[in-house]
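Engineer: sequence and computational prediction follow.
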Amino acid sequence: MHKLKTKLIWIALGLGAVALRALFSGYPEVVEQYYSQAFFPVIRWSIDYLLAWFPVPLVYPFLLLLFLLTIRQVRLWWKRTYANFWYKSLDAALGIGASLSGVVFFFLFMWGFNYGRIPLENQLGLELTPLSLKELKAELNHETAQIKRLRNLIPGATTEPISNNMLPASMESLLRGEVEQLLDSHGYPTVGRVRGMYVYPKGIFLRFSSSGLYFPWTGEGHVDAGLHSLQKPFVMAHELSHGYGFGDEGTCNFLAFLSCIQSKDPVIAYSGHLNYWRTLAANYRYYEPEKYREFRESLPLGIQSDLDAINEVLLRYPDFMPHLRYVAYDAYLKAQGIEEGMLNYDRVIMMAHAWRLSQRI
């Protein structure tokens with residue numbers, strides 16, 4: 001069969017990478033020291049200083065090249081002569097297996113092993129515990145005071161929703177600086193220059209109940225261009241956090257929150273607090289829907305306008321097969337060692353609450 005040895009090598013590499021990931025799942029300190037803090041920064045530097053100058057997201061040419069190569073390989077396979085149908089089928093199966101194994105191998109070595117690193121809360125000395133309803137309401141009230149204060153600091157803000165032209169012109173570099181400053185203050189390497197780029201068409205992620213994507217094979221973070229202006233800073237900071245070596249979704253939400261709220265730009269800081277506020281509000285509404293409705297209606301008109309505008313944008317892009325997407329991504333997260341699956345996104349509440357208590361804020 002065609003290039004049998006090469007295919008078997010790639011299959012072995014993919015299976016070997018998965019085995020290595022499983023082997024070190026119980027040794028996060030090894031992953032932290034030798035991969036996340038040593039090997040991955042080399043990958044990060046190589047990607048950023050070789051490819052970060054590219055003016056458009058590399059995911060476009062990457063997927064186009066992958067599509068063309070797939071078509072070429074299928075055509076070559078179809079034209080080859082085999083002794084019988086079974087040899088042809090086996091060669092196809094080995095080719096698919098080799099391709100998928102190559103994808104897995106590069107995913108893990110270029111970024112995926114970061115899922116096995118020491119949890120951020122352990123590094124920061126945070127003790128995470130589920131919030132009681134009383135604590136949840138207190139957290140929500142604290143964040144409500146913050147968004148009221150910050151919105152009043154935004155130049156030109158009225159009772160109308162915050163618009164796109166109020167965002168800083170160099171938001172990507174500004175947020176990269178905030179994320180790097182935060183990570184550097186806690187001793188994490190910030191080698192390289194992670195990109196956070198908008199992708200089109202608008203709604204490409206939103207229709208799959210997502211707002212952004214970190215693409216390990218190109219090392220870039222991507223933000224759905226269809227998002228409301230007030231979601232963009234938080235989502236971009238989240239994807240940049242992935243780019244600096246963090247796989248856990250709750251952790252990246254937490255890093256995005258801290259990165260945004262430390263910004264001197266009031267729109268960025270407001271975006272950070274508002275996105276966290278929305279997570280708290282969604283959890284509180286589950287317990288006391290009527291009281292939440294009354295609470296929301298008591299907010300200043302400007303904040304209500306912002307919340308309504310965000311919801312309006314999200315409604316423009318209804319989800320394709322939401323249940324299937326949830327099940328698939330839930331399974332993916334659990335396969336990476338995140339036991340709570342999709343619930344991991346809301347883990348930011350426990351992390352932010354523990355952090356606030358540790359800072360006595």
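Structural biologist: Great, that's in hand.

Engineer: could you say which helix or strand contains the residue positioned nearest the centre of the chain?
Structural biologist: Centroid-nearest residue in the chain, with CA atoms, centre = their mean: residue 239, separated by 4.5 Å. Element membership of residue 239 [criterion: DSSP states H and E] is helix 232-243.

Engineer: re earlier: for the residue nearest to the centre of the chain, list the residues it contacts.
Structural biologist: Listed by CB atoms under 8 Å, 6 or more residues apart in numbering, the contact partners of residue 239 are 196, 212-214, 221-223, 252. For every residue, glycine as well, the C-beta is placed using N, CA and C.

Engineer: what's the closest of those to residue 42?
Structural biologist: residue 214 (18.1 Å; CB to CB).

Engineer: ok, which stretches of the stretch 151-300 of the chain are helices?
Structural biologist: 171-185, 232-243, 249-261, 266-287, 289-297 (DSSP state H, counting those that start in this stretch).

Engineer: make CSV from the ones you listed and add mean pLDDT and distance to residue 126 to it.
Structural biologist: Listed next are those as CSV, based on pLDDT from 0 to 100; distance: least, CB to CB, whole Å:
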stretch, mean pLDDT, distance to residue 126
helix 171-185, 97, 14
helix 232-243, 98, 16
helix 249-261, 96, 9
helix 266-287, 95, 16
helix 289-297, 95, 27
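
Engineer: tell me which of these lies nearest to residue 68.
Structural biologist: Between the helices of the stretch 151-300 of the chain, helix 232-243 lies closest to residue 68; by CB to CB that is 26.8 Å.

Engineer: could the C-alpha coordinates of the closest one be exported in PDB?
Structural biologist: The C-alpha coordinates for helix 232-243 follow below in PDB (Å, rounded to 0.1, in the frame of the first residue of the first chain):
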ATOM      1  CA  LYS A 232     -15.200  42.100  22.300                       C
ATOM      2  CA  PRO A 233     -12.600  43.200  24.900                       C
ATOM      3  CA  PHE A 234     -13.400  40.400  27.300                       C
ATOM      4  CA  VAL A 235     -13.500  37.700  24.600                       C
ATOM      5  CA  MET A 236     -10.300  38.900  23.100                       C
ATOM      6  CA  ALA A 237      -8.500  38.800  26.500                       C
ATOM      7  CA  HIS A 238      -9.900  35.300  27.000                       C
ATOM      8  CA  GLU A 239      -8.400  34.100  23.700                       C
ATOM      9  CA  LEU A 240      -5.100  35.800  24.400                       C
ATOM     10  CA  SER A 241      -5.000  34.000  27.700                       C
ATOM     11  CA  HIS A 242      -5.400  30.700  25.900                       C
ATOM     12  CA  GLY A 243      -2.500  31.800  23.700                       C
END
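
Engineer: and that helix with helix 171-185, angle?
Structural biologist: Relative orientation of helix 232-243 and helix 171-185, computed by axes from the mean of the first three to the mean of the last three CA atoms, to 10 degrees: 50 degrees.
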